[in-house]
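Chemist: quick one, what's the 3D model for this:
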Amino acid sequence: MRRLFIPALAVVPMVLAAAPAGAAPTHGPREVRAVVETPSLFDDEAGGDADADDPAIWVHPTDRAGSLVVATAKNGGLRVYDLRARERQRIATPPAPGPEHESGRFNNVDLVSGFRLAGRGTDLAVVTDRGRDQLRFYRIDPGTRLLTDVTAADVPFAFSADQTEVDEQRTAYGLGTFTDVDGSAYAVVSRRSTPEVGLFRLVARGDTVSYRRVDRLTLPSTFTLPNGARWSPCTDPGDGPQVEGTVVDPATGVVHLAQEKVGLWRTRLVGGRFAGGLTPVERVREYGVPAAFDVEEDDCVTDHAADPGFGGRIAQDVEGLTIHRTGRFTGTLVVSSQGDDTFYTYDRRTDRPTGRFAVVDGGVDGAQECDGAAVTATPLPGFPGGLLVVHDGNNTPETIGADGEARPDTDFKFVDAGFLRALG
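Modeler: Model prediction:
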């Protein structure tokens, strides 16, 4: 296995500093509204500690009305929804390997189509289990429209050397899948609380699926600003600036990575390896702004008055990434700007900025604090322009719990994606 390391204080910082910085937007985003929303997920004991995060859209090969949305709910496992946002299936996370260890916690999900399993093509949902530091695999049955666990019993840890390291929870986090021209399937996986990203090749073992790591890269943690100063984004003590949002263009192998407190990056997969280094696409608005971790606040405190003006448009964290494909090479990259509850769009081929939108209140409430998003341009029943699914990190109206307080409430919004063609 080869490791591609990007020097933190040399080439990449100079390239990033040379990238044009965009000012904060001066006009409002285009407003779009959800058609339907999924049932609430409650991150409390009564709700099974379910916390919505990341969706993926599976388009049925012969009956579009039978298409599904597969979504992670962290400790709540997987949820499977139909096109009316009704829950069809619930899949629990695996138990902890022992009383002192973490149980499963499903973070991100993506799909692989036509994976050769037991001699035939199979569609898979691939999930990062950040609690157990593993990838897990679920076969999608077009007949029943149900998912079945096909994870090999002996899958390795994705990043950790042993269970002790797993317990530190620097584990599998963000996820984007890709199938090469030779049919080999890969998962690009980020490591929680670090700037590390791994490339894993999926391997069939009879009627189950495993994986092996074939490459890795490390994104920079420290940057040289245009004024010559050095800057690092604020993180919890001992952590590095992590990546979560990950997407791979199926036609070109171009990988976009969202380093949450830094910005959006671009690299490529060639021959089952990372290739060509890292190219910056957009910085977060807070890039270069001094910040420090405050122990009493248990959070980073940012000195906005000392902003040197080197930031871009996205308000940290930069989160979910998805591609609205309108042709083999045409379409739009959609990027969640979590800090201002909006999404930015870019030309799929050139990374040229093309627009900005927000999912606002309508028949159902809008989306705030969005983590994951997924989109298809395929017309579906109820969504003639295609389907965009986004995470809502603050679902309303509030539901009051037995203690008289509002329950932590998240869900997913289903939006007709036709407006993206105009933005593109």
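Chemist: for Val360, give me its contacts.
Modeler: Shown in contact with Val360 (Cβ atoms under 8 Å, 6 or more residues apart in numbering): Glu31, Val32, Arg33, Gly366. Quick note: C-beta positions are derived from backbone N, CA and C, even for glycine.
Chemist: Gly48 versus Glu196, what's the distance?
Modeler: 31 Å (Cβ to Cβ, to the nearest Å).
Chemist: out of these two, which sits in the busier spot?
Modeler: Glu196 (21 against 16; other Cβ atoms under 10 Å).
Chemist: residues contacting that one?
Modeler: Glu196 makes contact with Phe159, Ser190, Arg216, Leu217, Thr218, Leu219, Gly240, according to Cβ under 8 Å, 6+ apart.
Chemist: which non-adjacent residue is nearest Arg328?
Modeler: Ala251 (5.4 Å; Cβ to Cβ, 6 or more residues apart in numbering).
Chemist: count the neighbours of Glu37 for me.
Modeler: Glu37 has 19 neighbouring residues, counting by other Cβ under 10 Å.
Chemist: identify the residue nearest Asn361 in space, chain neighbours excluded?
Modeler: One correction, residue 361 is Asp, not Asn. Using Cβ to Cβ, 6+ apart, the nearest residue to Asp361 is Arg33, at 7.4 Å.
Chemist: which stretches in the stretch 1-150 of the chain count as strands?
Modeler: 2-5, 30-33, 36-37, 41-42, 55-58, 68-72, 78-81, 87-91, 106-117, 120-129, 134-140, 147-149 (DSSP state E, counting those that start in this stretch).
Chemist: so for Thr332, which of the ones you listed sits nearest?
Modeler: strand 30-33 (12.6 Å; Cβ to Cβ).
Chemist: could you give the average pLDDT over that closest one?
Modeler: The average of the pLDDT scores along strand 30-33 is 98.
Chemist: neighbouring contacts of that strand?
Modeler: Outside strand 30-33, the residues touching it (Cβ under 8 Å, 6+ apart) are 355-364, 366, 415-416, 419, 423.
Chemist: ranking the residues you listed by neighbours, who comes first?
Modeler: Val415 (27 neighbours).
Chemist: doesn't it belong to a strand?
Modeler: Yes - the assignment for Val415 is a strand, going by DSSP: H, G, I helix; E, B strand; the rest coil.
Chemist: that one bridge partners, please.
Modeler: Val415 has these beta-bridge partners by DSSP bridges: Leu388.
Chemist: how about Ala373?
Modeler: Bridge pairing for Ala373 (DSSP bridges) gives the partners Val390.
Chemist: repeat that for Val284.
Modeler: With DSSP bridges as the rule, Val284 is bridged to Ile314.
Chemist: so it sits against Glu319, correct?
Modeler: No - in this structure Val284 lies outside contact range of Glu319 using Cβ atoms under 8 Å: 10.7 Å.
Chemist: which of the contacts of Glu196 fall in strands?
Modeler: Of the contacts of Glu196, the ones assigned to strands by DSSP state E are Ser190, Arg216, Leu217, Thr218.
Chemist: top of those residues by neighbour count?
Modeler: Ser190 (28 neighbours).
Chemist: that one against Leu199, yeah?
Modeler: No - between Ser190 and Leu199 there is no contact under Cβ under 8 Å: 10.9 Å.
Chemist: make JSON lines from the contacts of Glu196 and add distance to His60 and pLDDT to it.
Modeler: Below are the contacts of Glu196 laid out as JSON lines (distance: Cβ to Cβ, whole Å; pLDDT from 0 to 100):
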{"residue": "Phe159", "distance to His60": "34", "pLDDT": "99"}
{"residue": "Ser190", "distance to His60": "30", "pLDDT": "99"}
{"residue": "Arg216", "distance to His60": "35", "pLDDT": "98"}
{"residue": "Leu217", "distance to His60": "35", "pLDDT": "97"}
{"residue": "Thr218", "distance to His60": "39", "pLDDT": "98"}
{"residue": "Leu219", "distance to His60": "37", "pLDDT": "98"}
{"residue": "Gly240", "distance to His60": "41", "pLDDT": "97"}
